[in-house]
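> please find the sequence and the predicted model below.
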Amino acid sequence: MDAPHHATRDTSVAQAPALSHLSESKSRRFGLTVGPVLYLWSRARLLDFYAGIAESPADCVVLGEVVCARRRELRLDDWLALARELTQAGKQVILATQALVETEADLRLIERHADLACHAVEAGDASALALLHGRVPLVLGPHVNVYSQAALREHADLGVLRWVPPLELSLSAVACINPADQPIRRPDGGAIGTEVWAFGRLPLSFSARCFTARHVGVPKDQCGYPCMDDPDGRLVRSTEGQSFLALNGTQIQSAGVHNLLEHGAALASCGATRVRLSPQSSGFTKVIEDFDAVLNGDQPAEERLAGWADAGVPQPLVTGYAFGGAGMNAVHVELAGVDA
């Protein structure tokens, strides 16, 4: 699976100036962040995907392998080359670390992110914070447990610039933890920005054991990469035939695709200035364009959503966690006690 580096690809490190902040768009209500690809896609597919992202309305991209250290279609030098190209295309780039750090090799990779000091880094796990703080601009990923103002304030002391709330937090809870009118501030006085997960299957759990390998009956260390056959994860159905989970290597995801396209007012009222869109294998360019058109261009969401199924966007679409309900459900906002 270790593909050779492309002969014409520039893998030199883009040595950016020391970063003390992450800029937010002044011309849009919401910045659009493309999250890391959570699935095992081929090298060619990844490169084609990011070539498309370079031309998209997204203004920020998170790069790197966050699920399984054995997935090596792209190495760190390849990610850095992509970061260089995306930066040249006007995108803000953040490098990601794994959500489950298991080995010394995993820690050494985090150390290398810090040593490079050329991009902000998203901490996928609390274990990364001690290695990263004070060395690179920090973003708190969605799997760092922050469930109170006190916890976010403690992380602010580490110099965190942006926060992606845990996925199961409701928007009303997010508003209480980092209020729009009184955001948590770092020691330098800067406010921590809030970026809400607004599209994509929801990562629910991680394990040192590989769920996909176990499903197909092979050992994790000699798996043959069966997850390559599942570009959006492998659906798990209940005995009643309902899809309710998706296997993605060491990660379990929701079967439903979390989607807040219709809820710009609720996103604004919770203090979000940025939304995260998690890549899926089909229709994702349309998803980015539609979020920009609806959240930043005041176009009707219903007309945009009508074309998602035909574009191949996975279904069903769910909203439950955002409004205090079960994550697998689509909650009727008028019953959820929040501003839609």
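Great, that's in hand.
> C-alpha from now on. contacts and neighbour counts both.
Noted.
> need the longest strand for the protein.
strand 193-206 (DSSP state E).
> give the buried residues for it.
Neighbour-count burial for strand 193-206, with 16 or more other Cα atoms under 10 Å as criterion, is recorded at Gly193, Thr194, Glu195, Val196, Trp197, Ala198, Phe199, Gly200, Arg201, Leu202, Pro203, Phe206.
> can you give me the helices for the protein?
Assigned by DSSP state H, the helices in the chain fall at 43-54, 76-88, 104-116, 129-132, 149-156, 171-177, 211-216, 264-269, 284-291, 301-305, 308-311.
> buried residues in the first one?
Within helix 43-54, the residues that count as buried by 16+ other Cα under 10 Å are Arg43, Leu47, Phe49, Tyr50, Ile53, Ala54.
> got any ranges where the chain has weak pLDDT?
Along the chain, the model assigns pLDDT under 70 to residues 1-28, 332-340.
> what's the residue nearest the centre of the chain in contact with, if anything?
The centroid of the chain falls nearest to Gly35 when counting by Cα atoms, centre = their mean (3.2 Å). For Gly35, the contact set (Cα atoms under 8 Å, 6 or more residues apart in numbering) comprises Val61, Val62, Leu63, Arg276, Leu277, Ser278, Pro279.
> try it again at 10 Å.
Residues in contact with Gly35, defined by Cα atoms under 10 Å, 6 or more residues apart in numbering, are 60-64, 94, 96, 197, 199-200, 275-279.
> re the thing from before, can you tell which of the helices of the chain is closest to Pro231?
With Cα to Cα as the criterion, Pro231 lies closest to helix 43-54 of those, at 10.2 Å.
> pull the residues that contact that closest one.
For helix 43-54, using Cα under 10 Å, 6+ apart, the contacting residues are 1-6, 34, 37, 40-42, 56, 59-61, 63, 72-74, 78-79, 82-83, 85-91, 279, 281, 284-285, 288.
> in ChimeraX, select just the buried ones from those residues.
Buried residues among the contacts of helix 43-54 (16+ other Cα under 10 Å), as a ChimeraX selection:
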select :34,37,40,41,42,56,59,60,61,63,73,74,78,79,82,83,85,86,87,91,279,281,284,285,288
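> inside strands: which ones of the contacts of Gly35?
Mapping the contacts of Gly35 onto strands (DSSP E) picks out Cys60, Val61, Val62, Leu63, Ile94, Ala96, Trp197, Phe199, Gly200, Val275, Arg276, Leu277.
> in contact with the fourth one, which residues?
The reference is to Leu63. Neighbouring residues of Leu63 by Cα under 10 Å, 6+ apart: 34-37, 50, 76, 79-80, 82-83, 93-97, 121-122.
> with the second one instead?
For Val61, the set of contacting residues under the criterion of Cα under 10 Å, 6+ apart consists of 32-36, 50, 53-54, 83, 86-87, 91-96, 276-277.
> what of the first one?
Residues in contact with Cys60, defined by Cα under 10 Å, 6+ apart, are 22-24, 31-35, 53-54, 86-87, 90-94, 274, 276.
> who does it form a beta bridge with?
Residues in a beta bridge with Cys60, per DSSP bridges, are Thr33, Gln92.
> tell me how far it lies from Val275.
10 Å (Cα to Cα, to the nearest Å).
> and for the two, which residues touch both?
Common neighbours of Cys60 and Val275, counting by Cα under 10 Å, 6+ apart, are Gly31, Leu32, Thr33, Val34, Gly35.
> Gly233 touches Leu202, doesn't it?
No - with contact defined as Cα atoms under 10 Å, Gly233 does not reach Leu202; the gap is 11.3 Å.
> next, show the common contact partners of these two.
Joint contacts of Gly233 and Leu202 (Cα under 10 Å, 6+ apart) are Leu245, Ala246, Ile252, Gln253, Ser254, Ala255.
> quick one: neighbours of Cys118, just the number.
If you count neighbours by other Cα atoms under 10 Å, Cys118 ends up with 23.
> try Gly64
Neighbours of Gly64 (other Cα under 10 Å): 22.
> just give the nearest non-adjacent residue to it, would you?
Excluding the flanking residues, the one nearest Gly64 by Cα to Cα, 6 or more residues apart in numbering is Ala96, at 5.2 Å.
> that neighbour: what's it in contact with?
By Cα under 10 Å, 6+ apart, Ala96 lies in contact with 35-36, 61-66, 110, 113, 120-124, 139, 141.
> isn't Val275 up against Gly200?
No - checked against Cα under 10 Å, the pair Val275 and Gly200 is beyond contact range at 11.3 Å.
> shared neighbours of these two, anything?
Joint contacts of Val275 and Gly200 (Cα under 10 Å, 6+ apart) are Gly35, Leu260.
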